[in-house]
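**Q** Give me coordinates for this.
(one chain, ligands or ions: 1)
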Amino acid sequence: MPKKTTERTLFYGKDDVLVYRTYAKRLAGIKPIPESNFIGHDNVIFALKVKFAVYGKQLLSSFTEGDNTLVVATDSMKNFILLHAALYKGETIEGFLAFVSQRFMAKYSHIESISITGDRLPFDPVYVPGKDEWTDSGLVFRRSHNDHTSASMEITRTEDGTEPTVSTHLCGLADLQLIKVSGSSFYGFIRDEYTTLPESYNRPLYIYLNIYWIYNDITNAISDTITDYVPAEQIRDIAQTVFHEYKTPSIQFLIYQIGLRILSRFPQLLEVKFESNNRTWETVVETIEDSEGKVFTEARPPFGFQGFSMTRDDLKE
Ligand SMILES: O=c1[nH]c(=O)c2[nH]c(=O)[nH]c2[nH]1
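**A** Sure, this is the predicted structure:
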């Protein structure tokens, strides 16, 4: 949340602003990587949920004196965001967040910084029978509740009154959930009077994963030319591929390998961060006659988690 030249927390804003823009600019020109066949997005539906908060010293009196003179109603913020979805000429979630925030600060000069987060609401293409082959409908889409692009940034006005700029950013892939049915282990950990967990040499590893990245230069994601844009879809595909490729001894090791791959594929990134959650399925039936199958049920709380960040220095080790 915005908190700049003072220790005092002061912000207000609007959450859950749902923006459904159709026929935004197509995301194209994405460089292919070996782990992914994602090279673009038609953006026929460019939809996102926005959280928007503003900060400014002059807003103090709205809290302390009930003086609303400088208060932009959060309802107006919602309208501003929605109406600017029509004006946005770019093709990325990050670009839209920066665009809306910079326009808002241009309009309201007493706002010193904005904190904005956008979570893409993914709509997947549906395939329909065409004349000769199955084709992408282009008209009907299926709402997906799977992983999605996410981005947060702060836009700050510099002291000398120049253009507001993106002062911090964190791009991301949120809510990825992956299961690897065999080929994962967890053993060799401390065994003492507190240990009840058996060692596992082949566990059904189900993980929840949020992956975040920071660019060396955010203009890669928000400018008119986004040749070095890192799409969350390619990050997702790297995570899937690395999970597939490695027999992992732990989630800690897995996310490190994913991070190394991301950093080596994308030299334009400074840092990658992970939040992971262990949802390993609980085994109910270990052996089924004439089958390599088993029966599992959902993991029970409490759940373990990991947090890890990596920079380009990790590639040197
Ligand atoms: O990948 C894992 N890492 C751990 O640190 C841990 N701890 C645990 O109980 N299970 C797991 N799994």
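**Q** May I have the residues that are in contact with the nearest residue to Asn146 once chain neighbours are set aside?
**A** Counting by CB to CB, 6 or more residues apart in numbering, Pro122 is the residue found nearest to Asn146 once chain neighbours are left out, at 6.6 Å. For glycine as for every other residue, the C-beta is placed from the backbone atoms N, C-alpha and C. With contact set as CB atoms under 8 Å, 6 or more residues apart in numbering, Pro122 has these partners: Ala47, Arg143, Ser144, Asn146, Asp147, His148, Thr149.
**Q** quick one: Ser200 and Gly183 touch, right?
**A** No. With contact defined as CB atoms under 8 Å, Ser200 does not count as touching Gly183 (11.7 Å).
**Q** got the residues of the stretch 151-300 of the chain near the ligand?
**A** Applying CB under 6 Å from any ligand atom, one finds that the stretch 151-300 of the chain approaches the ligand through Phe186, Leu197, Ser250, Ile251, Gln252, Asn278.
**Q** Let's see that with 8 Å instead.
**A** Near the ligand, the residues belonging to the stretch 151-300 of the chain are 186, 189, 197, 205, 248-254, 278, 280 when assessed by CB under 8 Å from any ligand atom.
**Q** a markdown table for the residues you listed, including pLDDT and secondary structure?
**A** Conversion of those to a markdown table gives the following (pLDDT from 0 to 100; DSSP: H, G, I helix; E, B strand; the rest coil):
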| residue | pLDDT | secondary structure |
| --- | --- | --- |
| Phe186 | 98 | strand |
| Phe189 | 98 | coil |
| Leu197 | 97 | coil |
| Leu205 | 98 | strand |
| Thr248 | 97 | strand |
| Pro249 | 98 | coil |
| Ser250 | 98 | coil |
| Ile251 | 98 | helix |
| Gln252 | 98 | helix |
| Phe253 | 98 | helix |
| Leu254 | 98 | helix |
| Asn278 | 98 | strand |
| Thr280 | 98 | coil |
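**Q** Please list only the buried members of these.
**A** Judged by neighbour count, with 16 or more other CB atoms under 10 Å as the criterion, the buried members of these are Phe186, Leu205, Thr248, Ser250, Ile251, Leu254, Asn278, Thr280.
**Q** any idea which of these is closest to Trp213?
**A** Nearest to Trp213, judged by CB to CB, of these is Leu254 at 17.2 Å.
**Q** give me every residue that touches the closest one.
**A** By CB under 8 Å, 6+ apart, the neighbours of Leu254 are Ser184, Ile207, Val242, Phe243, Tyr246, Thr248, Ser276.
**Q** Where do the domain boundaries of the protein fall?
**A** The chain breaks down into these structural domains: 12-171, 174-316 (assignment by automatic domain parsing).
**Q** could you dump the lowest-mean-pLDDT helix or strand in the chain to CSV, C-alpha only?
**A** Ranked by mean pLDDT, DSSP states H and E, the weakest helix or strand in the chain is helix 219-222, scoring a mean of 92. Extracted in CSV, the C-alpha atoms of helix 219-222 (Å, rounded to 0.1, in the frame of the first residue of the first chain):
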residue,chain,number,x,y,z
THR,A,219,9.2,-0.7,-19.8
ASN,A,220,9.5,-4.2,-21.2
ALA,A,221,6.0,-4.8,-20.0
ILE,A,222,4.3,-1.5,-20.3
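**Q** ok now it, how far from the chain's centre?
**A** The offset between the C-alpha centroid of helix 219-222 and the centroid of the whole chain comes to 15 Å, using CA atoms, centre = their mean, to the nearest Å.
**Q** For that helix, name the packing helices and strands.
**A** For helix 219-222, the packing partners by 3 or more CB pairs under 8 Å, 6 or more residues apart in numbering; DSSP states H and E come out as helix 93-107, strand 165-180.
**Q** and for it, what are the contacting residues?
**A** Outside of helix 219-222, the residues that reach it under the criterion CB under 8 Å, 6+ apart are 90, 92, 94-95, 97-99, 151, 166, 169, 171, 215, 226-230, 268.
**Q** try it again with 7 Å
**A** Outside helix 219-222, the residues that touch it by CB atoms under 7 Å, 6 or more residues apart in numbering are Thr92, Glu94, Gly95, Ala98, Val166, Cys171, Tyr215, Ile226, Asp228, Tyr229, Gln268.
**Q** For the residue nearest to His41 when sequence neighbours are not counted, give me the pLDDT.
**A** Nearest in space to His41, with sequence neighbours left out and distances taken as CB to CB, 6+ apart, is Leu27 at 4.1 Å. As predicted, Leu27 sits at a pLDDT of 97.
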